[in-house]
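> Sequence plus the predicted model coming up.
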Amino acid sequence: MRAFSVTLGLLALVTAVPAAAHAETQEPRPKPQAISPAASGGPTVELDDLARPTLLERELQAVLGRAGNAPRVTVPGGRARLGDFTVGSSENISGHLLVVRGDANIYGRLLGNLVTVEGDVVVHPGALVSGDILTLGGDVRDMGGEIGGEVRTLRSTSVFASAARAAEPPPSALETVFRRGMGVLGVFLTLGALGFGLVMFGRPNLEVVSDTVSHSFGRAFVTGLLGQILLLPTFGMLIVGLILSVAGILLLPFAVVVYALLVIVGVLGGFLAVAHAMGETYTRRRMALGAMIGSPNSYRYLLVGLGAMGALWLAWAVFGWVPVAGNMIRAAAFLVTWLLGTAGFGAALLSRAGIRENFAGRLIPPEALTDEYLWATPQYGVPAARRPGTRTPTRGL
Amino acid sequence: MRALFLALALGCWADGAQAQSMRPFGTFRQLHGETRLSARVEYAAGALHLAPGRPTDLYRMNVSYDEDRFVPVSGFDAARAEVVLGVRPAGEGGLRVVSRQQLRQVASVAFSPRVDLTLDVALGAVDADLELGGLRLSSLSLETGASRAVVRFSQPNRTRCRTAEFSAGAADLSVLGLGNARCDRIAFEGGVGKVTLDFGGVWSSSSRVGVRMAVGELTLRIPRRVGVSITLDRFLATFDPAGLVRRGGGFASANYDRAERHLDIEVATAVGGVRVEWSE
């Protein structure tokens, strides 16, 4: 019950914090006023063609986004207003109209196009807008008036978003450390969950790939490197081959998906196998030194290995804000991760995803398996038995 | 501990939800005495619903689109009475992979039932439901890529239709109630897929149908009261006559000579199957 209430509390927190933050960013509507035309050569917004609203939005973003509370913009053949604006029933306005951060209430006649930014358009009964209407971050309510042109509404807008973003202070070092630390933790948990699944359902394969990394690291790295280089050419050959075979065209979508899946499984599985190998090596060394390890199993190996890999990235998360050194730590972490990932991918290729043990150091040389010692010293009085054969059984050779 | 994991999961979910950038866009135009409209609907990816709208609106479209990869299209040429609606890819050319995010795009398009409509629909990877019954459709062209589309004529077309042309790439296409379409000529051309042509509805005139299909399954659902003849040109395709009798080089229904309305179908297919189903 307590856990449930805690969960509810967290849920409320997660949903409430962004809402509160959003509420804080809602600015009050500015006092209605005319926007002065810009000086010669200053920002200009053409409202003749509203057919491409996203393009016009970008233009307005460039003009209004940086202008703050006192924008100056020229609307050729029209006018611009800040705040709510009303065209009275007896009024007759010729030319385009731009209304920024306010609603446009039309009771009279507007002979031109109408654009609002962060505001609605209300066309009242008997009103006329002869041209097109575009609202960026608003809605159009047709209460029975006449609209000669086309009505377009983009109900959200980013016209002032860039300005808001620019006004935001950069995150502090502590915030940066926390965000990066949480990112590293997230990746660690994800890889941990995937690794646990792999141990649970494919431990033999994981152990073979892990042993391949341990016993043939150099070979695995070179194989991984070659594998990376040949990934795209192989994919291209597969596609071309299927297309040339005509009948294989139908298999093309499946082949693409299967190939992508195999690559992901190879890279991810190989990486986890490297973590397993690192953890196993470390744990065994500690045990050799006499340390008491509770349960030296694959789960522990994996966690220890992932922790070792994550330590470098954690160092970057903590010290990444330090000039020069932060970049060096990041480069080192990237390089080490790539090295280990390449070796893991190579090991996965060498061991055919953990099916083949040839490079895993598990094959005992034939002479080590000989039963010669059984025959070398026959007991007194017991005649030596006949050697059953010359060939010594071995595994997989 | 469990609460901590749950909080982390919720945080990840909230972050993912915020990362989505679906944007709503709407457009419409009042009807100002127009009598005809030539409309082209271009829709690259997502779900599309098209239906008759309010008589006072010439057209109307509401779409929620992926603003990172698409731009909404809405342009009316008053001189030629032409409109283009839909969403187009934001970039030009290049390899484009349709993601789950793009497939979440939803559009709803409506046209006035008062104007004579020439409709041209081009679909990409789309799940489309087009209800064309009740419109004044004077001609129709539907071109689909890798789409699943259902075209319905639930009510009779309010005017005569010259042609209805369907072109499908790798698609699952069903055209239902073609008898209501009142089209003089119906043509279908398909690459790979599954196609159902349902000729139910109120038959007010005879019609000619041409079907060219490379690989796939074609189902012809035909009302018993209409006299049907089928001419087949097939390579490795199977055909089940399902009660049709041999007549000349093709097949025909027993009531062909007696029937008031005739449906003459020419089918050319390479690999697949042609199936005839009867409806009342």
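Looks like it came in fine. No experiment lies behind these values; they were computed from the predicted model shown. Numbers count the residues shown, from 1 in each chain, chains lettered A, B, ... in the order given.

> Is B:Arg246 within a helix or a strand, and which one?
Assigned by DSSP states H and E, B:Arg246 falls within strand B:245-247.

> For the stretch 251-397 of chain A, give me the ranges with low pLDDT.
A:362-397 (pLDDT under 70).

> In three-state terms, label the residue of it found nearest chain B for me.
For the stretch 251-397 of chain A, the residue closest to chain B is A:Pro253, as judged by C-beta to the nearest C-beta, at 9.1 Å. No exception for glycine: its C-beta is placed from N, CA and C like everyone else's. Using DSSP: H, G, I helix; E, B strand; the rest coil, the structure places A:Pro253 in helix.

> give the contact list for the residue in the stretch 101-250 of chain B positioned nearest to chain A.
Per C-beta to the nearest C-beta, B:Val192 is where the stretch 101-250 of chain B lies closest to chain A, at 7.6 Å. B:Val192 sits next to A:250, B:169-170, B:214-216 when contact means C-beta atoms under 8 Å, 6 or more residues apart in numbering or on different chains.

> Apply 10 Å and report the result again.
Contacts for B:Val192 (C-beta atoms under 10 Å, 6 or more residues apart in numbering or on different chains) come out as A:249-250, B:146, B:168-171, B:213-216, B:271-272.

> what does the stretch 201-350 of chain A put close to chain B?
Within reach of chain B by C-beta under 10 Å from any C-beta of the partner chain, the stretch 201-350 of chain A has these residues: A:249-250, A:253, A:256.

> tell me which parts of the stretch 51-200 of chain A are close to chain B?
So the stretch 51-200 of chain A meets chain B at A:51-55, A:123, A:132-135, A:139-140, A:142, A:145-158, A:182, A:185-186, A:189-190 (C-beta under 10 Å from any C-beta).

> tell me which residues of stretch A:142-156 are tucked away?
Of the residues in stretch A:142-156, A:142, A:145, A:147-154 count as buried by neighbour count, 16 or more other C-beta atoms under 10 Å in any protein chain shown.

> any idea of the mean pLDDT in it?
Mean pLDDT, stretch A:142-156: 91.

> so how far is the first residue of that stretch from its last?
Terminal residues of stretch A:142-156 are spaced 19 Å apart (C-alpha to C-alpha, to the nearest Å).

> chain center to it, what's the gap?
38 Å (C-alpha atoms, centre = their mean, to the nearest Å).

> Tell me where chain B has helices.
B:2-19, B:100-103 (DSSP state H).

> Would you single out the least confident of these?
helix B:2-19 has the lowest average pLDDT among the helices of chain B, namely a mean of 42.

> For chain A, what is the nearest residue in the stretch 51-200 of chain B?
B:Gly75 (4.4 Å).

> residues touching A:Val122, list them.
A:86, A:103-107, A:139-143, A:145.

> Just those residues: which are in helices?
Going by DSSP H, the helices hold none of the contacts of A:Val122.

> tell me the two of the residues you listed that are most distant?
A:Tyr107 and A:Asp139 (18.0 Å; C-beta to C-beta).

> between those two, which one's more packed in?
Neighbours per residue (other C-beta atoms under 10 Å in any protein chain shown) separate A:Tyr107 from A:Asp139, with A:Tyr107 holding more: 19 against 15.

> Extract the C-alpha set from stretch B:185-200 and format it as PDB.
Provided in PDB are the C-alpha atoms of stretch B:185-200 (Å, rounded to 0.1, in the frame of the first residue of the first chain):
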ATOM      1  CA  ARG B 185     -15.100   2.700 -67.200                       C
ATOM      2  CA  ILE B 186     -13.200   1.200 -64.300                       C
ATOM      3  CA  ALA B 187      -9.500   0.400 -64.700                       C
ATOM      4  CA  PHE B 188      -7.200  -1.300 -62.200                       C
ATOM      5  CA  GLU B 189      -3.500  -1.800 -62.600                       C
ATOM      6  CA  GLY B 190      -1.600  -3.500 -59.800                       C
ATOM      7  CA  GLY B 191       1.900  -4.800 -59.100                       C
ATOM      8  CA  VAL B 192       1.900  -7.100 -56.100                       C
ATOM      9  CA  GLY B 193      -0.900  -7.500 -53.500                       C
ATOM     10  CA  LYS B 194      -4.400  -8.400 -52.700                       C
ATOM     11  CA  VAL B 195      -7.300  -6.700 -54.400                       C
ATOM     12  CA  THR B 196     -11.000  -7.000 -53.900                       C
ATOM     13  CA  LEU B 197     -13.400  -5.300 -56.300                       C
ATOM     14  CA  ASP B 198     -16.900  -5.400 -55.000                       C
ATOM     15  CA  PHE B 199     -19.500  -4.500 -57.700                       C
ATOM     16  CA  GLY B 200     -22.400  -4.200 -55.300                       C
END
